[in-house]
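Undergrad: Return a 3D structure for these sequence lines:
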Amino acid sequence: MAVNLLTNSVQYNHNGGRVRVITRADSDAAILMVANTGPPIPAEDLPHIFERFYRADKSRARADGRSGLGLAICLAIVQAHGGTIAVSSAPETDTLFTVRLPRLDRPEQAAKVACGRPHGWKGRRNVHI
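TA: Numbering: from 1, shown residues only. Here you go, the predicted structure:
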């Protein structure tokens, strides 16, 4: 998941652009933030970028050998671990992906995630994408 976010941040950046990786923890989550200085993701595409096969830049679809599955896989992995992933992007700002995963070093959080399944999944064992 982290490799995919980093690869996308490099792939969709300007030549000479910057990629920032920030990690931190708060009381209930480990947080990974990946940002780049590339062109913003258009507002109309933001609600769809975690969908399978979705490509914001239609002109690059499959031409670069990428399938549009990476962010859908990231979402599935994060959700399978009881976390969330969000994106923000606008002109004149960095595109920022924020992943929050439950801290399993806290007993109350560890109880919410068992065997890689978020609490409340009622026996679902596989993530199908």
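Undergrad: Quick one: low-confidence residue ranges for this protein.
TA: Within the chain, the segments meeting pLDDT under 70 span 55-67, 106-129.
Undergrad: where exactly do the helices run in it?
TA: In the chain, the helices defined using DSSP state H lie at 2-11, 70-80, 107-110.
Undergrad: Out of those, which is closest to residue 87?
TA: Comparison of the helices of the chain against residue 87 by CB to CB identifies helix 70-80 as nearest, at 8.4 Å. (Each C-beta comes from the backbone N, C-alpha and C, glycine too.)
Undergrad: quick one: that closest one to helix 2-11, angle?
TA: 150 degrees (axes from the mean of the first three to the mean of the last three CA atoms, to 10 degrees).
Undergrad: Output the contacting helices and strands for helix 70-80.
TA: helix 2-11, strand 84-88, strand 95-102, strand 117-118 (3 or more CB pairs under 8 Å, 6 or more residues apart in numbering; DSSP states H and E).
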